[in-house]
Structure formats: C-alpha cells, structure tokens
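Trainee: Sequence and predicted model, in that order:
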Amino acid sequence: MGTASSWTGKRVRLRAVEPEDWTALMRLADEAGRRGGRLDLPRSAESYRAWAKEQAVAKWDDDRFRLAVETTATGELVGTVGSHRTGRRSGWFELDVTIGADHRRKGYATEAVVLLLRFMFAERRYHKCLAAIFAHNEPSLTLFRRLGFTEEGRLREHVFFAGRHHDLVLMGMLANEFDRRHPMSEPSAGHP
C-alpha cells in the first residue's frame, strides 16, 4: 500500500480496517444517525463485527475502499475515509470522510482527505475527485471549500430522510488544483 509515511501525517495515520475496530465503527454509525443522517433500521453488534471483519480482508475492487483514521498521538480510531464510487474510464472518484463527534475541529478530517487525495491523484492517476454533501451540513461544506473543492452543482430535494427531501451539493476538485494547494511531489532541485 505504499510506504508508511505516505499514509501518515502530523495528526493522523490512515490504515486498513481491522476486525477489532467494530466497536468504534458502530459508535461512528450511531453518531451519524443521531446527527440527522438517514434513519436506518437498528443493526446488531454482530453485524458490525461481521462488517469490520469483511473490510479487513476486502479486495480494493475499482479503487473502492475504506480506511481507518487514527491519531498519531494515541493510535485511537477517530473516523474513516474512503473512496466509494469510481469512474475509471473518465478518471473520477468520489470520497467521503467521517470523524467522530468528540474528535472534530482538530484537523483530522482535513489531513485524512489530503492523504487520500494525494494517493488517488499521484499513485492511481485519477483526474478528479467528487464529494456529495447534504446542503444543511455546513461544517462539511466549509471543510471541502477550505480544501479547495468547488461547488459544481446541487441536486435539489434529491435525498429523502427524517421525513423530508434534502438537497445534495456536489463539490469537485481536479488533480492539478490539488497539486497547487498540496504538492504531490517534492520540488526538484533548482526550483523554489
């Protein structure tokens, strides 16, 4: 999966999901539901155990994967980041990031997304990244704007949950836009 340093920043390290992560993953899913996300049927602890075990041995088909986000300071799992849809022929992928409520506003999401984008653009040669964000999720919209994503469109009343329809904002970033903000390689000798 590359050198260890490729997956480690100042605050977070991205790593494969391990079977024992199931309790943290269950807590993240529960928080997402309470935050006003889509209401799903209750899931058993065993279903989270099985899902974590499945993720731990999953093949990365079409560059679709989920990674655990852990702090470099304590090794605590604080969230996940992943690529969940890809258009290999056209060179795009869609990512998502989730950070637990107790760990927000510490730079974890920003660093996790930058690490993932650097891998997908520099190593997998994708041209564009997309993020689909609920229009009412101002913290996520702010995060992606700060990272350099541009709002490309809005799907009006596209998702139904919590008794009503919600807009979905599509944000995008091109590889060269990412490289300008977060260089993908070290500057060569003789260049500033």
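Mentor: That came through fine.
Trainee: ok, Lys117 - how many residues close by?
Mentor: Not Lys; residue 117 is Leu. Counted with other CB atoms under 10 Å, residues neighbouring Leu117 total 26. All C-beta spots, glycine's among them, are computed from the backbone N, C-alpha and C.
Trainee: dump the residue contacts of it.
Mentor: Leu95, Cys129, Met173, Phe178, His182 (CB atoms under 8 Å, 6 or more residues apart in numbering).
Trainee: and it, what element?
Mentor: Here Leu117 is covered by helix 108-118, with elements defined by DSSP states H and E.
Trainee: CA atoms only for that helix, dumped as CSV, please.
Mentor: Only the C-alpha atoms of helix 108-118 are listed here, as CSV (Å, rounded to 0.1, in the frame of the first residue of the first chain):
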residue,chain,number,x,y,z
TYR,A,108,-8.2,15.2,11.4
ALA,A,109,-10.6,15.3,8.5
THR,A,110,-8.5,17.8,6.6
GLU,A,111,-5.4,15.7,6.9
ALA,A,112,-7.1,12.4,6.2
VAL,A,113,-8.7,13.8,3.0
VAL,A,114,-5.3,15.3,1.8
LEU,A,115,-3.6,11.9,2.4
LEU,A,116,-6.3,10.1,0.4
LEU,A,117,-6.3,12.6,-2.4
ARG,A,118,-2.5,12.5,-2.7
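Trainee: can you pull out the helices in this protein?
Mentor: Residue ranges of the helices in the chain, as given by DSSP state H, are 22-34, 45-56, 108-118, 138-147, 175-181.
Trainee: contact partners of stretch 85-105?
Mentor: Judged by CB under 8 Å, 6+ apart, the contacts made with stretch 85-105 from elsewhere in the structure are 24, 27-28, 31-32, 35, 62-64, 69, 71, 78-84, 108-109, 112-113, 116-117, 120, 124-132, 139.
Trainee: now those residues: which count as buried?
Mentor: Of all those considered here, the ones buried according to neighbour count by 16 or more other CB atoms under 10 Å are 24, 28, 63, 69, 71, 78-83, 108-109, 112-113, 116-117, 120, 126, 128-132.
Trainee: How many neighbouring residues does Ser55 have?
Mentor: Actually, residue 55 is Gln rather than Ser. When neighbours are counted by other CB under 10 Å, Gln55 registers 21.
Trainee: For it, give me its contacts.
Mentor: For Gln55, the contacting residues are Ala16, Val17, Arg66, by CB under 8 Å, 6+ apart.
Trainee: Among those, name the ones in strands.
Mentor: The subset of the contacts of Gln55 located in strands under the criterion DSSP state E comprises Ala16, Arg66.
Trainee: top of the contacts of Gln55 by neighbour count?
Mentor: For these, the largest number of neighbours (other CB under 10 Å) sits with Val17, at 24 neighbours.
Trainee: close enough to count as contact, that one and Val69?
Mentor: No. Checked against CB atoms under 8 Å, the pair Val17 and Val69 is beyond contact range at 10.4 Å.
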